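>>> Sequence plus the predicted model coming up.
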Amino acid sequence: MRIAAVQCAAIPDDVARVCATVRERVAWADAAGVDLLLFPEAWLTGHAWDAATVARRADVAEAAIDALCRAVAGARATLVIGAFVREAGRVFNRALVIAGGRVVGHYDKAHPNEPGVTAGETFPTFTAGGMRFGINICADANHPGAAQRVADQGAAAILYPLSNMLPLATAERWRARSVDNLVARARQTGCWVAAADVTGTAGDLRSFGGTAIVAPDGAVLALVPEGEEGVACRSIR
């Protein structure tokens, strides 16, 4: 399976621009033979740390997801992209798996650290390029059990959508630790690990980016440079 993880600027509250950007990345991915294309956490409508913004973005997620599915209907690659969503009166931090222009599955963050977000309880696995994979989201990487739940189902890879857009002092603390966590989860589970993060600034917040592909032995085989937009891409088996 050929996997690509995208490091990019946050584009909050601009679904049309996000869809156009995703379309560009999909065109590149399809030309490059990519099977699985990963975007950052809640990137479709924007991540947030306050309850009001989280709720507002969850309320527009359904229309945003429909627009994205139309935009990528002809894609060869399977996409993993996130959004806050509202379901049965509860808000989840969700990673959507999109293939052929439709949502074929999802994973809800098991250890959400955003206000008003409900914890997911299941750890589904999926297939792309003939390989089984699962998903953890950002703070889930601090919890070895979340990765193990995926690995125990025979997954060969674990995907981590990230959003390390944080106050500067916090961002500095996570500057190396984010990738260190990915290495630890790869060594723990014996799985490939791929992560996609945002980079840049948003008001008083900063993300250095932690987009990487890590081998099962913990070797970091692809890493997008700090502060740059780009793609970590690797064929894994």
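Sure, I can see it.
>>> quick one: what helix or strand has Val91 in it?
In this structure, Val91 sits in strand 90-99 according to DSSP states H and E.
>>> Spatially central residue (nearest the centroid) of the chain, please.
Central residue of the chain (CA atoms, centre = their mean): Pro161, 2.0 Å from the mean position.
>>> which non-adjacent residue is nearest it?
Glu41 (4.1 Å; CB to CB, 6 or more residues apart in numbering). Glycine gets a C-beta too; all of them are placed from N, C-alpha and C.
>>> That neighbour touches Arg94, doesn't it?
No: using CB atoms under 8 Å, Glu41 is not in contact with Arg94, being 9.9 Å away.
>>> Need the overlap of contacts for these two.
Jointly contacting Glu41 and Arg94 under the rule CB atoms under 8 Å, 6 or more residues apart in numbering are Gly82.
>>> for this structure, what spans make up the helices?
15-31, 51-59, 61-71, 144-151, 168-189 (DSSP state H).
>>> of these, which approaches His106 most closely?
His106 sits nearest to helix 61-71 of all the helices of the chain, at 9.9 Å, using CB to CB.
>>> Report the buried residues of that closest one.
Using 16 or more other CB atoms under 10 Å as the test for burial, helix 61-71 gives Ala61, Ala64, Ile65, Leu68, Cys69, Ala71.
>>> Give me the packing partners of it, helices and strands only.
Using 3 or more CB pairs under 8 Å, 6 or more residues apart in numbering; DSSP states H and E, the elements in contact with helix 61-71 are helix 15-31, strand 78-87, strand 90-99, strand 102-108.
>>> Same question for the first one: list its buried residues.
If I follow you right, that is helix 15-31. Val15, Val18, Cys19, Thr21, Val22, Arg25, Val26, Trp28, Ala29.
>>> tell me the contacts of Ala99?
Residues near Ala99 by CB under 8 Å, 6+ apart: Ala75, Thr78, Leu79, Ala128.
>>> what about 7 Å?
Thr78 (CB atoms under 7 Å, 6 or more residues apart in numbering).
>>> measure it to Leu36 for me?
Shown here: Ala99 relative to Leu36, a distance of 10 Å by CB to CB, to the nearest Å.
>>> swap in Ala128?
With CB to CB as the criterion, Ala128 and Leu36 are 4 Å apart.
>>> ok, now Val26?
From Val26 to Leu36 the distance is 12 Å (CB to CB).
>>> Tell me how far the residue lying closest to Ser235 once chain neighbours are set aside lies from Gln188.
Excluding its sequence neighbours, the residue lying closest to Ser235 (CB to CB, 6+ apart) is Arg2, at 4.7 Å. According to CB to CB, Arg2 and Gln188 sit 24 Å apart.
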